[in-house]
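In: Whatever this is, show me its structure:
(chains A, B, C, D and E)
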Amino acid sequence: MTLHRPHVDWFSISPELVLLGAAGVLLLGAVLVPVRGRRPFSAFVALLGFGGAFGMAVAVYARSAHGSLRIAEALFRDRYGALAQIIICGAGLLTVLVAYAQRMRDEHVGEFYALLATAGAGMAFFVTAGNLMTLFLSLEWFSISLYILCAIDVGREGSLEAGLKYLIVGGFGSAVLLFGSALVYGETGALSFTGIARASAGHSGDVMLLIGFAMILAGFGFKASAAPFHMWTPDAYEGAPSSVTAFMAAATKTAALVLLLRVVTTAFPGEQHLWTWALAAIAVASLAVGNVAALFQRGLKRLLAYSSVSHAGFMLIAIAAANGLGGRALLYYLIPYSAMSVGAFAIVAARERELRQPVTIENLAGMLWERPFLGFSMVVFMLGFAGLPPTGGFVGKFYAFAAAYRHGFVWLVIVGVVFTAVSLYYYLGVIRSMWARPAGATSLAPVGGSPPSDPLLHAAVAACLVVAVGSFFAVQPLIEIAHHAASALPF
Amino acid sequence: MTIAAWITLAAPLAAIALITLGGNLLPRRGAGYVATAFTFVSFAAAVYAFVAMWQRAGADRSQVSTGWTWLSAGGFHAGMSILVDPLSVFMMLVVSGVGALIIGYSIGYMDGSDEERRFFAYMAIFVFSMLLLVESANLLLLLAGWGMVGLSSYLLIGYDQHRPAAIHAAKKAFIMNAFGDATMALALFLLIQHTGTLEFGPTFAHAPGGTIGILIALGLLGGALAKSAQLPLHTWLPDAMEGPTPVSALIHAATMVTAGVYLIVRCHPLFERAISVEKTAAVLGAATLVLAGLVALVQVDIKKVIAYSTMSQIGYMFLAAGLGAYANGMFHLMTHAFFKALLFLAAGILIHALAGEQDIRKLRGAGRLAPFTSLCFLSGSLALVGIPPFAGFFSKDSILAAGLDRGTLGYILFALGEVGAFLTGLYTFRLWFVVFRGEPTPFVREHFHRHHGKEGPLWMLGTVGVLGVLALIGGWIQFSPIWHPIANWLDPVAPPLANPTSTEEAIASALAVGLGVAGIVVAWLMYGAARVPVPRLAFVQRTLEHKFWFDELYDAVFSRPAAQLALALDRAIELPLVAGSLDALGFGAREAWSGTSRAQTGLVRSYVLALAGAMAALVIAFLVAR
Amino acid sequence: MAGNVLIWIVWVLAAFACLGSGLAVVTFTNPFYSALALIGNLGSLAVMYLLLNAEFVAAAQVLVYAGAVMVMFLFVIAYVGTDSVTPWAGGPSWQAVGAVLAAGAIFLEIVVVVGLKAGGRLSHEAKIAESFGSPADIGRVFLTDHLIAFEITSIVLLVAAVGGVVLGSHARQTTEYDV
Amino acid sequence: MRGPEVTWYLGVAAFLFATGAFGVLVRRSPLIVLLALEIMLNACNLALIAMSRHHGRADGQVFALGVMAVAASEVVAGLGLIVAIHRRRLALDVDRLTSLRG
Amino acid sequence: MTGTDWQTTTLVVLPFAGALAIWFLPLARYTAGATAVLISLAEVAVWIDTVQRFDFSSPALQFAVRRSWFRDLGVSYHVGFFGFSLWLVGLTVVVMAACVVYGFWAQREHARAYFGLMLFLTGAIVGVMTAQDLLVFYAFFDAMLIPLYVLVGVWGGPRRGIATIKLVVYTLTGSLLMLAAVIWFGLHAGTFDLIDSGTSSSIWLFLGFMAAFAVKLPFFPLHGWLPDAYREAPPEVTAALSGVVSKAAIYGMLRIAISKFPGPTHDVRPAILALAAVGLVYGSLYAFRAPDFRGVVAYSSLAHLGLIVLGLFAGNDLGYDGAILQSVNHGLVTAGLFLLAGSIERRTGTGLFSQLGGMARGRPALATAVMTAGILSLAVPLSANFAGEFLILAGVFRQGWGWAVVGGFGVVLAAMYMLRAISGVLHQDVGPAVREEALDLRPAELAFVAPLLACVVALSVWPNGISGRAFARGTGARQTVATELAGMRTGWTGYAPLEAAKK
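Out: Next comes the predicted model:
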């Protein structure tokens, strides 16, 4: 019996390989490198890993002008996936910088970064997935990494609780997605997206296909933390270490939304009349729930978590538009959004390290004056989330709305606009709280004096700032990149 | 000639700039000298313009000079342009001449006030504004000057900033005048709409008649009534006596309040297209002159008596202008400027000497301590009553004569004018007998303080003297039956509608002089010799003391409804809709938030339930919608 | 035909065992019994897999799943001890009602709709080769068409192992928020 | 093979899936919740294998094997968490893990 | 972009660059302020240069710069000047310079943040008033809010919390409705460029745009944020808000709402005129009731802005020219009044009339400044304000005499409340909060008040400098705002009497 081994396009999976290599080195380092040097070593390797993956993803982007299926139709090699990988690796890179000064058990720092790298690799696989099996397995891959990362601060109750909640809801969500996959497979006999589309071309609206599709959508909704599948989000985001939250907010959402768009367009083009409306409805629900729940939220991480729910809604608007403009809008929006998410949670992390207690609206007081750079950056990120110029969030929202308008979803534009208005209340509330003078009770750094200066975190925030603001001015090049990427999708 | 007119206009402006920018560099008295000097420059330039015009032929006497385009929009243009014609030169002479005299008087009167600079700057503003008003070559600038004199009136009435009464009076004056300005502006809008321009020449040439014409004339009349304190917009003038006496003399007697007459004369083509409105002006003038005369009888404030007398006299002028006797009105305007300024300034000497006291019951007999002032005041009083050969005789009687020339309405107005003549004699000499001939009260004896051994500062006495002479001879310029240079002078600008005959003149004069003398006699009987008790009729007394309840009426009709409207708006709109708009929103948002927040129970099973339920719903939706 | 009847009998037995043990897993109060019930469940499922020509999977199910994984489960249950015993009632009543409704909805949606509307199309099975489901066959597919999936699976297991080490190791307790 | 049609298998899988979901929804012990999740994944496996048989394609079985590994990984992660929670002397009751809420 | 057209971009970018420099360079407090003052003065200088080079007889867009921003939706950074926007920008740079000087004088704490924000605000407003692309316009329009929010929130009065919330909720709700309209309009037209895109007849789009402008103005009955914001903001920010930010809305109405929606403008005109008239009276009545100086000026702003809207929607030359003229006047005077209010409050700690009074005595400069600003504000004849209001009312008179009557009534009311305010501060008995030590205006204060008032006085001498140069009279080949407006002109030169006279 001869095995016709498929041709393995190593180049197309080079980002994943680099990350996995880094993870391997990290695991070795976790055993071999003495505890004292483990932190810098691990961080450096992780940095190299994400940096290398970033570079490879760029290379893949550059050399994949024409999308193709690789390795027995399991993976796509196209600019769409590569761009998502770029975003994910970028977020991971910044997360490494943010996490460096985390007061984490030194003995597990190697594993922490290894898990971060594997999560990144899983997402990188995920976004290029070409069939349901790769999809599910890579989803579980990075999900399990994230469950563990969430709970990695095992000394703290919140972290464990977050991990367990994430795991239970996540397990349920995965199971739903899997059952949906099984049904779709049962109906079409195909696992690859293109195969599904081919097989279901004739009989759109088949019951089993639809049930399966709905369950897959629910699974994606869970990952993208879109309402009403979002309820784990605030708890997990709050309980997880802030650097992990940053990574989850930026990278997970990127991965989930990017692949969602690919799945609905490549595997279910025949059901477009259904999923546009379904995604529009989910978008509206996300906007409503996310924004309303964030309104009077006191805990900053929860607030940002709800804000990420609402942003899932905004980006789902772009997906629901089901046109090339929407694809561009999504990819473009993800760039500043990821930067702003990482940046915002990085600032939360910095504040936590300073105060040694959860960051609330109240104890942000005075931050703008005491930590001017971080305060200023936070202002910019909040403005960006709110969609105000001069940040990429402004252009991103504009694109998303434009896409919805072009699809004919004027009502969706109106809804989006209304909830943008609602969101301003809490985003600007964060800004307001930062300039407020502390009432006297909240003092800075009660023990240990002034917090250690954290140049890496500052560098990460600065990079986020540059991306968040720069994407406002450099719209044309970014949109061209997004345009090339989105043209890999069958619109 | 036009250059002289520009200089006339610019000189007070230069004074303002000098005083304002000079600030503390300029000594206080220096401000007075500057203002006086520049106003005299103004007067000199006016005289030059007059002489220059005198030498020209009739048609050549009217010249428009445009400095620059002041305002334009689309096809509408209004230049910063002045019109030099007989009428404006006449007014320039009166304004700058009397103005210069009175500002000079003020140097003495205001001596010691710690804000003289401000006073003289204001006075210069007034002179500038008044000159702008009379020199402007279009209605827009006229309106500008019109408002500016209102402004300077406001500033000067409220000169004593710490006295609430003064401030209140100032505001009242300004607001009532603003009302007049507004009606005038509306008339101007109509003119723009129907003629496309506001330059006098084309406007008058193309002004529409009919209803539009009436509306235009009514709008202008509204402005004139407010400015000249005629019924029903007259209530500000008595209150305006809170201002310093020179101000009352200059603005509220000699010049500004007569602007309404000027307006009617200047815009007579518009009024003549709406003759009913012109007649209305005459009727209102006649009504004012009687009413004001009646109210003047019971006033106890020396300046208010004179103020009511001013209203009454302007009533005569309105009567004249309304009857089409434009030149007569202007003539009376001029003589009135002389003698009424004189009365005020003479009263001012007493007030100055008695530390600002104005109540005639306290001032009784003060005139005995100031013989020169008394003499001048007598001169003014006689001129006011119209006793020959004093100025008033010549000007007022010709107005009454014009009434006889204008039909039935004219007769009625004539009759009212004659009643006014009697009242004039009565109230004028009530004042005279009480203040100047009565036995000095202890208050007067105690407080009368002489200025360096004289009745008052030289500046004041000099001015009063000059005006006293003018009150005597000022009227001799024109004696209608025999010679009428003023009528001739103004004829090209405003040809009269009424040309009374000599007989009518004679009848009018005889009656007016007779009634005036009768008034004097009655005053002597009641107040001078106390032979006849002053009649006491409670209702009449109260009515007069309340000035026919005009203030109360306006309060009830305008002020209170406005206040109540504001309150109602507050309750109905501002509080619930504007201030409360966000409260409801905030409450709703908080409710919604607490709902979603409660839904986030922290129970992981409920999260899964949401996921499962939503998935089930999605499936059902797909199946239903497929 | 006898073979058919036998297959039916085996299927019915396996199915009922499967459903019953499944219900037992979620109803037992003591996790230890639940875990044992799950082993039964896995075993009955393996029987079904055999009926579906999935010999390799069935074997893996029994060896890897029921064997290795469940042993680990039982070990942890033993480690945790009596703490693990929790009553299964409690919590808000709407949760229970919602659970019944949601689970019922899922079941009905799949079964009723699929069974009634799509049953016809599903009744025709494809012809299969003799080697279908054999280890060799599975191995071939794993190493050709689904190479990536195979690799991913290994990494997922690696990740879980690392996670188990990280989470299971001793840690200082802290109430400090110190991330 | 002349056994039950795929639909029957699917029915069993659906029932099993619903049972597992019910377990996750009502049980408070994280251990049993994990077991219920396993049941759900196994239901999926059953469906996959049945469909694999239906189409005569082996990839469903391969998928099922992958899922098995994933299920094992989930169990490992979940058990690790449970052990950690137990070490912290926290109640093994998901209803009492409600410090994160709102 | 040709070599001579650097002015527009400089005007827009210079303040932003300044803001960034002040934020990121470690400047000392004093240096930061001085830098900001210098930059705002440089803005004025650049503007003056622009005016000198501007061809007022051309209706085309001048000093235009166009750079593609993102091509697929047809959005470009496109800025340039029309006559009227030139004047509005002039107003902005002058008023903002005065405000910055005020902040410098007042020695605001957190100087770097403060001055940076002030410059940022300047840049955003200039951007709004020069933008020729809808999205750029919208971006600048939103960007205005950010510095305002922080400036009010940080440096505002005790109730600044609620003030900022109201400000934000109101204005952003409006502007987000505009965003929907922008998207609709731009995608429908295929370009967001205001020069290239044609007109639209959609009433909903029109209302979407108007909502934003009406809130920003503010326009009755959407003025709910006004009282709190104007009272609680630092005086110089209030000055900027009422003086120039409202003019950004005016620009928007003229440039977008009116010139892009001729049909809806015509249809909705009666309603807008009615609201404007109601707002005029309403604001006036409220100004009369307001217990404090800033309240009077705030509500008077509401009234005056209603008047300007009357002019804008009069739909003829008089109205347009008058509205632009009056916008400039109102901006200068109101800014002056608010800055003076700030000076007064710094001396007495309050703006309540019940606590004030008698400040004229011994403080001639303060008295003169307040008096001058006050009487200019009430549009005393011969002032530029008078000229503006006259043109507006004359213009709206052609839409119906009733509007002009209401407007005239409003002018009378203006006299009432403004005189009350002047008297309440300057005259009568010395108020309890007015201490003897409270000094007259210092030279520094004169430095920011006097130029504003001097500008108005200069305009009073020659209001035609603006009214005659806001809209070019010619017609260009390209479709520009001037020609769009020209299409709506109902010139009266065709009226019979004059025509007859010409023949």
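
In: So for chain C, which residue is the most central one in space?
Out: Closest to where the C-alpha atoms of chain C average out (CA atoms, centre = their mean) is residue C:42, at 6.4 Å.

In: Relative to chain B, how far out is the nearest residue to it once chain neighbours are set aside?
Out: Spatial nearest neighbour of residue C:42, chain neighbours left out: residue C:66 (4.3 Å); criterion: CB to CB, 6 or more residues apart in numbering or on different chains. No exception for glycine: its C-beta is placed from N, CA and C like everyone else's. From residue C:66 across to chain B, the span is 26 Å (CB to the nearest CB, to the nearest Å).

In: Assign residue C:66 to helix, strand or coil.
Out: Taking DSSP: H, G, I helix; E, B strand; the rest coil as the rule, one finds residue C:66 in the helix state.

In: what's the burial count for it?
Out: 19 (other CB atoms under 10 Å in any protein chain shown).

In: need the contact list for it.
Out: C:39, C:42-43, C:46 (CB atoms under 8 Å, 6 or more residues apart in numbering or on different chains).

In: circling back: now do the same contact list for the residue nearest to the centre of chain C.
Out: So residue C:42 contacts C:61-62, C:65-66, C:70, D:42 (CB under 8 Å, 6+ apart).

In: Show the pLDDT at the residue nearest to residue C:42.
Out: pLDDT recorded at residue C:66 is 77.

In: ditto for residue A:194
Out: For residue A:194, the pLDDT comes out at 88.

In: Surely it touches residue A:68?
Out: No - here residue A:194 lies out of contact with residue A:68, judged by CB atoms under 8 Å, at a distance of 11.2 Å.

In: residues of the longest helix anywhere in chain C that come out buried?
Out: Longest helix of chain C, by residue count under DSSP state H: helix C:2-27. For helix C:2-27, burial by neighbour count (16 or more other CB atoms under 10 Å in any protein chain shown) applies to C:11, C:14-15, C:17-19, C:21-27.

In: Can you narrow those down to the ones near chain D?
Out: Restricting those to those near chain D by CB under 8 Å from any CB of the partner chain leaves C:11, C:15, C:18-19, C:22-23, C:25-26.

In: looking at the chain, which helix or strand does the model trust least?
Out: All of this is about chain A. Taking mean pLDDT, DSSP states H and E as the measure, the helix or strand of chain A with the lowest value is strand A:68-70, at a mean of 73.

In: I was after chain C.
Out: Taking mean pLDDT, DSSP H and E as the measure, the helix or strand of chain C with the lowest value is helix C:119-122, at a mean of 60.

In: which other helices and strands contact whatever helix or strand comes next after it?
Out: Next along the chain after helix C:119-122, taking DSSP states H and E as the criterion, comes helix C:135-143. For helix C:135-143, the elements it packs on are helix C:55-60, helix C:147-168, helix D:59-87, judged by 3 or more CB pairs under 8 Å, 6 or more residues apart in numbering or on different chains; DSSP states H and E.

In: Now do helix C:135-143 against helix D:59-87, angle only.
Out: 80 degrees (axes from the mean of the first three to the mean of the last three CA atoms, to 10 degrees).

In: May I see the buried residues of helix C:135-143?
Out: C:137-142.

In: quick one: low-confidence parts of the chain?
Out: Answering for chain A, as no chain was given. In the predicted model of chain A, residues A:1-5, A:72, A:103-107, A:204-205, A:437-452 satisfy pLDDT under 70.

In: right idea, wrong chain: chain D
Out: D:1-3.

In: Point me to the residue of it nearest chain E.
Out: Taking CB to the nearest CB, chain E has its nearest neighbour within chain D at residue D:102, 22.1 Å off.

In: Distance check, residue B:521 against chain C.
Out: In this view, residue B:521 and chain C are 106 Å apart by CB to the nearest CB.

In: got it, and residue B:133?
Out: 79 Å.

In: what pLDDT does the spatially closest residue to that residue that is not a sequence neighbour get?
Out: Spatial nearest neighbour of residue B:133, excluding adjacent residues (CB to CB, 6+ apart): residue B:145 at 3.1 Å. Looking at residue B:145, its pLDDT is 88.

In: State whether residue B:145 and residue B:130 are indeed in contact, as I suppose.
Out: Yes - because the distance of 7.0 Å satisfies CB under 8 Å, residue B:145 is recorded as touching residue B:130.

In: SS state for the closest residue to chain B within chain D?
Out: Nearest residue of chain D to chain B: residue D:101, at 2.8 Å (CB to the nearest CB). Classification of residue D:101 using three-state DSSP returns coil.

In: how near is it to chain A?
Out: Per CB to the nearest CB, residue D:101 is found 7 Å from chain A.

In: likewise residue E:303?
Out: From residue E:303 across to chain A, the span is 28 Å (CB to the nearest CB).

In: and if you look at residue C:135?
Out: To chain A, residue C:135 is 12 Å away according to CB to the nearest CB.

In: Redo the buried residues of helix C:2-27 as a markdown table? Include distance to chain B and pLDDT.
Out: As requested, these are exported to a markdown table (distance: CB to the nearest CB, whole Å; pLDDT from 0 to 100):
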| residue | distance to chain B | pLDDT |
| --- | --- | --- |
| C:11 | 28 | 87 |
| C:14 | 27 | 89 |
| C:15 | 24 | 89 |
| C:17 | 26 | 90 |
| C:18 | 22 | 89 |
| C:19 | 20 | 89 |
| C:21 | 22 | 90 |
| C:22 | 17 | 90 |
| C:23 | 18 | 89 |
| C:24 | 20 | 89 |
| C:25 | 16 | 87 |
| C:26 | 13 | 86 |
| C:27 | 16 | 85 |
